[in-house]
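Student: My questions are about this predicted structure, shown below with the sequence.
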Amino acid sequence: MLGRYIKPRFNLKSRFLLSLALTLPALAMAGEVTLTGEGSVRYEPDSARLQFTASAEHALPQKATEQVAALMEQWREGITDYRDRLNDYSDATVNLYTRTLPAPERHEEPQKRAVASQTISFSITDLSLLNPLLREAQAVGLDYHLGPHQFFHSDETGMEQEALARAIADAKARCRFVASQLDQTCGDVVTININGGHRPVPMMAEAKSMSDTVSSVGEREIRASVSATFELD
């Protein structure tokens, strides 16, 4: 007696497994490579944020305030030729407080002194103004501190983008090299991670002397790096 022919039946799960089995050889032939790219831009700052403080001390608060007002008047007169080139200028921060000095002798009362101060802040986008302004501040007797963090570039965002573009280009170049060594070509980007932003790093310290002012701002560097996965065709 002839046996009956039974037609095989495939449910949805079986069809998926069969499809996956047929696809695996193609997936095994495909490849990916993950690598990093780095880029940097060097430049010199062209701008600065400056802050000066006029301060005075006296037994009477009114006298301390008057002395500060006199210093501010001298400062304003001294910077007349530069005033319209100072950006975001403000001298509205005023402080007045009393400090107590230790008594010279045990039986004497502690002395109280009024301390008044007024702070000036602004930015400049022309560093040729820096030395004249610092010399004027010294002539008036204003207090200030000048450090690397106060110098910046007016197009720092553009510098950061340029460093990132160079990092991406470096990653692509590395991918092409790796692919050529494997007799393949570098394909599409699968994933890319941009590492945390790198702030400008001073390449050299600012030169400053008590007699003159700044002789060199120094070069800066912005770095960027990416991690990317590429297909290999």
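Tutor: Perfect, thanks for sending it. Worth saying up front: this structure is predicted, and the values here are computed from it rather than measured. Numbering: from 1, shown residues only.

Student: measure Pro102 to Arg113 for me?
Tutor: Noted for Pro102: a distance of 12 Å to Arg113, by CB to CB, to the nearest Å. C-beta: built from backbone N, CA, C; applies to glycine.

Student: what's across from the residue lying closest to Leu71 once chain neighbours are set aside in the sheet?
Tutor: Of all residues not flanking Leu71 in the chain, Ala54 sits nearest, at 4.0 Å (CB to CB, 6 or more residues apart in numbering). In this structure, Ala54 has the following beta-bridge partners (DSSP bridges): Gln118.

Student: Could you report the neighbour count for Ala54?
Tutor: 25 (other CB atoms under 10 Å).

Student: pLDDT score for it?
Tutor: The predicted local confidence for Ala54 comes out at a pLDDT of 94.

Student: residue contacts, it?
Tutor: Applying CB atoms under 8 Å, 6 or more residues apart in numbering, we find Ala54 in contact with 68, 71-72, 75, 117-118, 120, 140-143.

Student: Closest to Ser154 out of those residues?
Tutor: Ranked by distance to Ser154 (CB to CB), the contacts of Ala54 are led by Ile120 at 21.3 Å.

Student: Buried residues in the helix or strand containing that closest one, which are they?
Tutor: Assigned by DSSP states H and E, Ile120 belongs to strand 111-124. Of the residues in strand 111-124, 114-124 count as buried by neighbour count, 16 or more other CB atoms under 10 Å.

Student: Could you give the separation of it from the chain centroid?
Tutor: For strand 111-124, the distance between its averaged C-alpha position and the chain's averaged C-alpha position is 28 Å (CA atoms, centre = their mean, to the nearest Å).

Student: List the residues that contact Pro132.
Tutor: With contact taken as CB under 8 Å, 6+ apart, Pro132 is in contact with Tyr82.

Student: Give the helix, strand or coil label for it.
Tutor: With DSSP: H, G, I helix; E, B strand; the rest coil as the basis, Pro132 sits in helix.

Student: Now do it against Pro110, distance only.
Tutor: Look at Pro132 and Pro110: by CB to CB, they are 43 Å apart.

Student: What of Glu38?
Tutor: Noted for Glu38: a distance of 61 Å to Pro110, by CB to CB.

Student: can you check Phe230 too?
Tutor: Going from Phe230 to Pro110 by CB to CB gives 74 Å.

Student: Between the two, which is the more surrounded one?
Tutor: Set side by side, Phe230 and Pro110 show unequal neighbour counts under other CB under 10 Å, the larger going to Phe230 at 25 against 9.

Student: Can you report how many residues lie near the closest residue to Glu162 other than its chain neighbours?
Tutor: Once flanking residues are discounted, Glu162 sits nearest to Val41: 5.0 Å by CB to CB, 6+ apart. Here the count is done by other CB under 10 Å, and Val41 has 20 residues near it.

Student: Now do stretch 121-131: distance to the chain's middle.
Tutor: Mean-position distance between stretch 121-131 and its chain equals 19 Å (CA atoms, centre = their mean).

Student: What ranges in the chain fall below the confidence cut-off?
Tutor: When the per-residue scores of the chain are filtered using pLDDT under 70, the ranges that remain are 1-30, 103-105, 107-108, 196-213, 215.
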